[in-house]
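In: have a look at this fold, sequence not included:
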């Protein structure tokens, strides 16, 4: 082959690589992370896509606008509780009391609203403070006394059931009639406001992505290029825009009598919490300390990180987010009873965090994992409910998905070890 031919082929190859470089670079980067043992959210995204297609084919009603909105409200409380659990799981700890913490905080809210006649903002504040006190107590016992978190939170799991019964007079059902609280999980954002939120969030996401790119370029660090960043922003814009478009469509069977459109109010609430805690984990010293302690407690202590304070703070945040989850659950049910926060709430929330990609071994996970995992759980419960399966079958399938996610985590972690 002549040098001219080789040169021509090289030019063609270079042009092809230049044309396909953004996608190729993104794919190669992700494949490299997967091969190194960092699966991230890949398993949960695949599970979500497969389950959605299966239920859509089996029951076309699964993808209607009304059911799409129901998925958000069904998974909201679990997603919020799972966000709190991620702080504890990142440390390699566990909180088995998060479910009943949400129930106790919801009971406090209901009693203050209904029996005491308090305004909603005061009742919400006391409910959140109740979560703070529970988390502070658990964290202090775990850290200062040295009892394993499994034992302490199991004891709290049992004790908080009794506290909930005491608050509600051993089984009373307390209705919630406050319009503001009820609206959280039962009312919708006006469509125009929904599009405005979408535009603001997309602009903020784009600004953050390009700010990171400029910072890395200024420091001379290699990383993702501008076309790859643009591709990521475009993907977020399409997915989020499609969701807003579907939610803003009319969902009422009789719009002349009652219109039903716009995203549920709980959606921007979850997005706000997701952005807040993602910022805390990724952009603050507290977040970096969480990951450091989860990676190696002894190394973190030798580096001067206040390990005890970090661990106690994680349990406080976990219980506080459980209180927020209890508020959402109370809003959706319009009432609180002794079963609020019980049954499978805790196990489902832990499952959501793990299914989303957070490691049970500590040191690896993101806030987005809670939302993705909760989406998988909500899709399973919703889709199998539409297909007429019993609660037992739902538990079996959810348990299998959780075991599969934990297995993927264990195998990927093993693969990441040197010499594997």
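Out: That came through fine. Values in this document were obtained by computation on a predicted structure and should not be read as measured data.

In: low-confidence regions, this structure specifically.
Out: 1-23, 25-41, 221-224, 408-420 (pLDDT under 70).

In: the strands in it, which residues?
Out: 174-175, 335-336 (DSSP state E).

In: return the most buried member of those.
Out: strand 335-336 (a mean of 24; mean count of other Cβ atoms under 10 Å). C-beta here means a position set from N, CA and C on the backbone, and glycine is covered the same way.

In: by contact count, what packs against that strand?
Out: helix 98-110, strand 174-175 (3 or more Cβ pairs under 8 Å, 6 or more residues apart in numbering; DSSP states H and E).

In: what helices and strands are in contact with the longest one?
Out: Helix 98-110 is packed against helix 65-89, helix 120-140, helix 149-167, strand 174-175, helix 307-333, strand 335-336, helix 345-356, with contacts defined by 3+ Cβ pairs under 8 Å, 6+ apart.

In: of the ones you listed, which is nearest residue 246?
Out: Nearest to residue 246 among the helices and strands packed on helix 98-110 is helix 65-89; the distance by Cβ to Cβ comes to 5.6 Å.

In: now the angle from that closest one to helix 149-167?
Out: Interaxial angle, helix 65-89 versus helix 149-167 (axes from the mean of the first three to the mean of the last three Cα atoms, to 10 degrees): 130 degrees.

In: which of the residues in helix 65-89 are buried?
Out: Neighbour counts over helix 65-89 (16 or more other Cβ atoms under 10 Å) mark 65, 67-69, 71-89 as buried.

In: how close does the residue nearest to residue 87 when sequence neighbours are not counted sit to residue 99?
Out: Among residues not flanking residue 87 along the chain, residue 314 sits closest, at 4.2 Å (Cβ to Cβ, 6 or more residues apart in numbering). Going from residue 314 to residue 99 by Cβ to Cβ, to the nearest Å gives 17 Å.

In: hmm, back to that, point out the most buried one among the helices and strands packed on helix 98-110.
Out: Ranked by mean neighbours (mean count of other Cβ under 10 Å), the helices and strands packed on helix 98-110 are led by helix 345-356, with a mean of 27.

In: ok so, going back, the helices and strands packed on strand 335-336: which one's closest to residue 273?
Out: helix 98-110 (14.3 Å).

In: tilt between that closest one and helix 120-140?
Out: Counting by the same axes, to 10 degrees, helix 98-110 lies at 150 degrees to helix 120-140.

In: can I get the helices and strands packed on strand 335-336 in a markdown table with distance to residue 127?
Out: Shown next, in a markdown table, are these (distance: least, Cβ to Cβ, whole Å):
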| stretch | distance to residue 127 |
| --- | --- |
| helix 98-110 | 4 |
| strand 174-175 | 13 |
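
In: quick one: which of these is nearest residue 232?
Out: helix 98-110 (32.3 Å).

In: flag every buried residue along stretch 197-208.
Out: 197, 198, 201, 205, 206.

In: wait, the first one touches residue 267, no?
Out: No. Under the criterion of Cβ atoms under 8 Å, residue 197 makes no contact with residue 267, lying 9.0 Å away.

In: which residues do the two both contact?
Out: Common neighbours of residue 197 and residue 267 (criterion: Cβ atoms under 8 Å, 6 or more residues apart in numbering): residue 189.

In: need the contact list for residue 127.
Out: 105, 106, 108, 109, 112, 323, 326, 327.

In: sorry, back to before: return the most buried member of the helices and strands packed on strand 335-336.
Out: Mean neighbour counts for the helices and strands packed on strand 335-336 (mean count of other Cβ under 10 Å) peak at helix 98-110, with a mean of 31.

In: okay, the angle between it and helix 307-333?
Out: Using the same axes, to 10 degrees, helix 98-110 lies at 60 degrees relative to helix 307-333.

In: run the chain-centre distance for helix 98-110.
Out: On the basis of Cα atoms, centre = their mean, to the nearest Å, the separation between the geometric centre of helix 98-110 and that of its chain is 19 Å.

In: what about the closest residue to residue 191 other than its chain neighbours, how many neighbours?
Out: Excluding the flanking residues, the one nearest residue 191 by Cβ to Cβ, 6+ apart is residue 248, at 4.0 Å. Look at residue 248: counted by other Cβ atoms under 10 Å, it has 20 neighbours.

In: wait, doesn't residue 126 sit right on residue 112?
Out: Yes. Look at residue 126 against residue 112 with Cβ under 8 Å: they come within range, at 6.1 Å.

In: thinking again about what came up before, adding distance to residue 213, write the strands of the chain out as CSV.
Out: Shown next, in CSV, are the strands of the chain (distance: least, Cβ to Cβ, whole Å):
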stretch, distance to residue 213
strand 174-175, 52
strand 335-336, 47
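
In: between the contacts of residue 127, which is nearest residue 51?
Out: Once Cβ to Cβ is applied, the member of those that ends up nearest residue 51 is residue 326, at 27.2 Å.

In: tell me where the stretch 151-300 of the chain has helices.
Out: Secondary structure of the stretch 151-300 of the chain (DSSP state H, counting those that start in this stretch): helices located at 179-186, 191-218, 226-248, 266-283, 285-295, 297-302.

In: give me whichever of these is most buried.
Out: Highest mean neighbour count of the helices of the stretch 151-300 of the chain: helix 285-295, a mean of 19 (counted as mean count of other Cβ under 10 Å).

In: which other helices and strands does that helix contact?
Out: Counting by 3+ Cβ pairs under 8 Å, 6+ apart, helix 285-295 packs on helix 266-283, helix 297-302, helix 307-333.

In: repeat the analysis, applying 6 Å as the threshold.
Out: helix 307-333 (3 or more Cβ pairs under 6 Å, 6 or more residues apart in numbering; DSSP states H and E).

In: picking up where we left off before, among the helices and strands packed on strand 335-336, which is nearest residue 340?
Out: Using Cβ to Cβ, the nearest of the helices and strands packed on strand 335-336 to residue 340 is helix 98-110, at 4.3 Å.

In: can you list contacts of the closest one?
Out: Defining contact as Cβ atoms under 6 Å, 6 or more residues apart in numbering, one finds that helix 98-110 is touched by 81, 85, 123, 127, 130-131, 134, 157, 160-161, 163-164, 167-168, 174, 176, 319, 322-323, 325-326, 330, 336, 340-341, 345-346.

In: can you pull the phi/psi pair for residue 90?
Out: phi -60, psi -20 (degrees, to the nearest 10).
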